[in-house]
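Chemist: 3D, please:
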Amino acid sequence: MAEGLVSVEGRAIPFGRKNIDTDLIIPARWLKTVSREGLGRGAFEAIRTADPDNIFDRPEFTDAPILVAGDNFGCGSSREHAAWALLDLGIRAVIAPSFSDIFAGNAFKNGILTVALPQEAVDRLLEVALTDPIAIDLESQSVTTPFQDRFAFDIDPFRKHCLMEGLDEVGLTLASNEAIARFEGDQARYQPWVARGTGIAA
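Modeler: Coordinates of the predicted model:
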């Protein structure tokens, strides 16, 4: 993750369809690339090709940072390209009643916030998104609208910390650099035979 995510505010794409799998988010033919760039062009390709007036290509939703989806979003295969495609499309947060566990994990690792809310709240946000922006505040764990709607959501404290600080696995490891250095120093002094095998100078 490059930058922390504290809040997301702007237009939200009112998608709302249930059981959207990763193959619909990014078709298999786009999986040949190892680059994260350009995958936004293939995001929801089947929908965009079949309907020229689809929700994703409407001018009012250009660069919208939020997607409001239906239940069981991200089901299907474990392809991380689905998260990459959403990110390249400009999506920083997805709101839905529920998510596939694997998709939610991939989204988190790529700096995308997944917000699970009751269906009634999602229905209201789908309505608001047609005309007005939506705001998500990760610190207060709330979603608000210009019409005084306020919906609280839960998030794992560890994931919240990582998202707000912009930390991925590498960042978390580097944050413990001093502790790692102390451990390696102690190992070199007290277990030199181990240290020699790892290349750590005694």
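Chemist: Where in the protein is the helix or strand with the lowest mean pLDDT?
Modeler: Every helix and strand in the chain was compared by mean pLDDT, DSSP states H and E; the lowest is helix 169-175, with a mean of 58.
Chemist: which residues of this protein fall in helices?
Modeler: For the chain, the helices defined by DSSP state H cover 22-25, 45-50, 81-89, 101-109, 119-129, 157-165, 169-175, 177-190, 192-198.
Chemist: Nearest approach to Ile66 belongs to which of those?
Modeler: helix 119-129 (7.7 Å; C-beta to C-beta). Where C-beta positions appear, they are placed from N, C-alpha and C, glycine not excepted.
Chemist: Could you list the low-confidence segments of this structure?
Modeler: For the chain, the stretches with pLDDT under 70 are 1-2, 169-177, 180-181, 184-187, 193-202.
Chemist: Distance check, the residue nearest the centre of it against Asp23.
Modeler: The centroid of the chain falls nearest to Ile112 when counting by C-alpha atoms, centre = their mean (1.8 Å). The gap separating Ile112 from Asp23 is 18 Å, by C-beta to C-beta, to the nearest Å.
Chemist: ok, now Arg79?
Modeler: Remark: distance between Arg79 and Asp23 (C-beta to C-beta) = 8 Å.
Chemist: dump the residue contacts of Leu87.
Modeler: Arg36, Gly40, Asn110, Gly111, Ile112 (C-beta atoms under 8 Å, 6 or more residues apart in numbering).
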